[in-house]
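# A structural model of the following input is requested.
(chains A, B, C and D)
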Protein chains: 2
Amino acid sequence: MKRSSSDNPHDSLTPRQREILDFIRANLDERGAPPTRLEICQAFGFASPNAAEAHLRALSKKGAITMEAGSARGIRLAEHPGGLPLIGSVAAGSPLLALENQRGKIQIPPNLFSARADYLLQVRGNSMTGAGILDGDLLAVHRTVDARSGQIVVARLGDEVTVKRLKRRGGRIELLAENPDYPPIVVSGPLVIEGLVVGLIRDGRTL
Amino acid sequence: MKRSSSDNPHDSLTPRQREILDFIRANLDERGAPPTRLEICQAFGFASPNAAEAHLRALSKKGAITMEAGSARGIRLAEHPGGLPLIGSVAAGSPLLALENQRGKIQIPPNLFSARADYLLQVRGNSMTGAGILDGDLLAVHRTVDARSGQIVVARLGDEVTVKRLKRRGGRIELLAENPDYPPIVVSGPLVIEGLVVGLIRDGRTL
DNA sequence: CGGATAGCTGTATGAAAATACAGCCATCCA
DNA sequence: TGGATGGCTGTATTTTCATACAGCTATCCG
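Modelled structure (predicted):
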């Protein structure tokens, strides 16, 4: 019963292993504690606790979970435990998600918004106040290069990272601020769409 | 060693019991599983596992936790298990948090913002666009009657629930919109402060 | 073909954990 | 004055769990 052969030890789980991992996750969500070997057996119809044990060992070896030896319900998810990385000021020329740009993690479920959020970006400046985006707000960004006209995007122009509304006018691409003090940017140089703004979080301090 | 006497079975914990509950919460957050009796003993310096057992029984009787009998690490928090209630349109005259007003739960850690959020309220209308609060936004509200001048509050005037900036001018209380189309409200009748706006969440759909 | 890996059954065993029983001391309340 | 409650010590006893050992059947790779 084998099919995909992962010579690399630290990645792709088999479908069965993914099922087990999902079960562990579900247990954690719904009951607030990881399952025992026996509970896994019952859920999957195994006759032997060793079946569960072997699966856990495999998941552990592949890095999907860790196990506290000798502890009841000692299964721990290795996953990013719920938080999204917060990107602050971006160092010139560096990729947004580079570790040097990360200011920490924020406890937000990635599926909170209508599209999956990959990271949070803190807004600097007032160029988007007209869209209700204020200085200091956190923007939830979905990583994609596939942006349509009219959407608010995180874009990179050379070394500069900026948040603007994207407009395609005929063959031209424009980045529009939502503030009369800021003129539209007509794109000439290389433009990289870093992602789509899919949500916004503001702390009351700034209100 | 007793002081507060709760004849009511389902509320106020003693300081010690609160410490125990906090420890359980911390364990759950940091390790992903509830503690065992022994772990509680070690954390608090108890010599007997029964000390922990007794505390758990007390917490269980007061409704702060539930326990799965015969299960290792069977402590479960009785708390709103993640997620703040979302309040939509408010029925006239009913308390904000009445079940009839609740539209569901949103997976947000209550401590995401600088003050604890108790529920989320969906904004209707454009009276606060100047403060970056748009129609459809979710406001994180901290329940308190203690609001200072200049803060944005959730207030009730008679049957009407509204979000405005609170101003105390001399002896007068005013509720200010942040939109020139909406005139200030000078409070004359009974005013109830339902809470303080401590955060804002906006879905990308509306951007 | 001979491993290596995946996915199991079946049986043990010892450590981990829940939980009962028997007390002790203090504080509050009726 | 005598419960009732809170906060513990100390000792057992029984489950629950983790985990090792021994096998079995597949499938894929070199």
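# please make it C-alpha for all contacts and neighbour counts, starting now.
Will do.
# any idea which element A:Asp29 lies in?
Using DSSP states H and E, the element containing A:Asp29 is helix A:15-31.
# report whether that helix contacts DNA strand C.
Yes. Counting by CA under 7 Å from any atom of the strand, contacts between helix A:15-31 and DNA strand C involve A:15-17.
# which of these tops the neighbour count?
A:Gln17 (16 neighbours; other CA atoms under 10 Å in any protein chain shown).
# thought that residue was touching A:Lys61?
No. Contact criterion CA atoms under 8 Å: A:Gln17 and A:Lys61 do not qualify, at 11.7 Å.
# which of the residues of helix A:15-31 next to DNA strand C come close to DNA strand D?
Within those, nothing lies near DNA strand D by CA under 7 Å from any atom of the strand.
# in chain A, which strand is the longest?
strand A:191-203 (DSSP state E).
# may I have the strands that pair with that strand, each with its orientation?
strand A:138-142 (antiparallel), strand A:152-157 (antiparallel), strand B:191-203 (antiparallel) (DSSP bridges).
# just the CA atoms of it, as PDB, please.
Backbone C-alpha positions of strand A:191-203 (Å, rounded to 0.1, in the frame of the first residue of the first chain) are rendered in PDB as follows:
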ATOM      1  CA  LEU A 191       5.700  46.200 -11.000                       C
ATOM      2  CA  VAL A 192       5.300  43.200  -8.800                       C
ATOM      3  CA  ILE A 193       1.900  42.400  -7.200                       C
ATOM      4  CA  GLU A 194       2.800  41.000  -3.800                       C
ATOM      5  CA  GLY A 195      -0.800  40.200  -2.800                       C
ATOM      6  CA  LEU A 196      -4.400  41.300  -2.300                       C
ATOM      7  CA  VAL A 197      -5.800  43.100   0.700                       C
ATOM      8  CA  VAL A 198      -8.500  40.800   2.000                       C
ATOM      9  CA  GLY A 199      -9.100  42.300   5.400                       C
ATOM     10  CA  LEU A 200      -8.300  44.900   7.900                       C
ATOM     11  CA  ILE A 201      -7.600  45.000  11.700                       C
ATOM     12  CA  ARG A 202      -7.400  48.100  13.700                       C
ATOM     13  CA  ASP A 203      -6.600  48.500  17.400                       C
END
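# so for it, what gets flagged as buried?
A:193-203 (16 or more other CA atoms under 10 Å in any protein chain shown).
# got a markdown table for the residues you listed, with distance to B:Arg25 and pLDDT too?
Shown next, in a markdown table, are the buried residues of strand A:191-203 (distance: CA to CA, whole Å; pLDDT from 0 to 100):
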| residue | distance to B:Arg25 | pLDDT |
| --- | --- | --- |
| A:Ile193 | 41 | 93 |
| A:Glu194 | 38 | 92 |
| A:Gly195 | 36 | 93 |
| A:Leu196 | 35 | 95 |
| A:Val197 | 33 | 96 |
| A:Val198 | 31 | 97 |
| A:Gly199 | 29 | 97 |
| A:Leu200 | 28 | 96 |
| A:Ile201 | 25 | 96 |
| A:Arg202 | 26 | 96 |
| A:Asp203 | 24 | 95 |
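# tell me which two of those residues sit farthest apart.
Greatest spatial distance in these: A:Ile193 and A:Asp203, 26.7 Å, computed using CA to CA.
# any idea how many residues pack against A:Tyr182?
If we define neighbours as other CA under 10 Å, then A:Tyr182 has 12 of them.
# my guess is it contacts A:Met128. True?
No. Judged on CA under 8 Å, A:Tyr182 makes no contact with A:Met128 at a distance of 9.1 Å.
# need the residues of chain A near chain B, please.
A:28, A:31-34, A:72-74, A:76, A:106-109, A:112-115, A:129, A:131-134, A:151-152, A:197-205, A:207 (CA under 8 Å from any CA of the partner chain).
# rewinding a little: now do the next helix or strand after the helix holding A:Asp29: distance to the chain's middle.
Later in the chain than helix A:15-31, the nearest helix or strand by DSSP H and E is helix A:37-44. Computed by CA atoms, centre = their mean, to the nearest Å, the chain-centroid distance of helix A:37-44 equals 31 Å.
# report the inter-axis angle for helix A:37-44 versus helix A:15-31.
Comparing the axes of helix A:37-44 and helix A:15-31 via axes from the mean of the first three to the mean of the last three CA atoms, to 10 degrees yields an angle of 110 degrees.
# and the contacts of helix A:37-44?
A:20, A:23, A:46-53 (CA atoms under 8 Å, 6 or more residues apart in numbering or on different chains).
# going along the chain, name the strands of chain A.
So, for chain A - with DSSP E - the strands run A:65-67, A:75-77, A:83-87, A:102-107, A:119-122, A:138-142, A:152-157, A:160-169, A:172-176, A:185-186, A:191-203.
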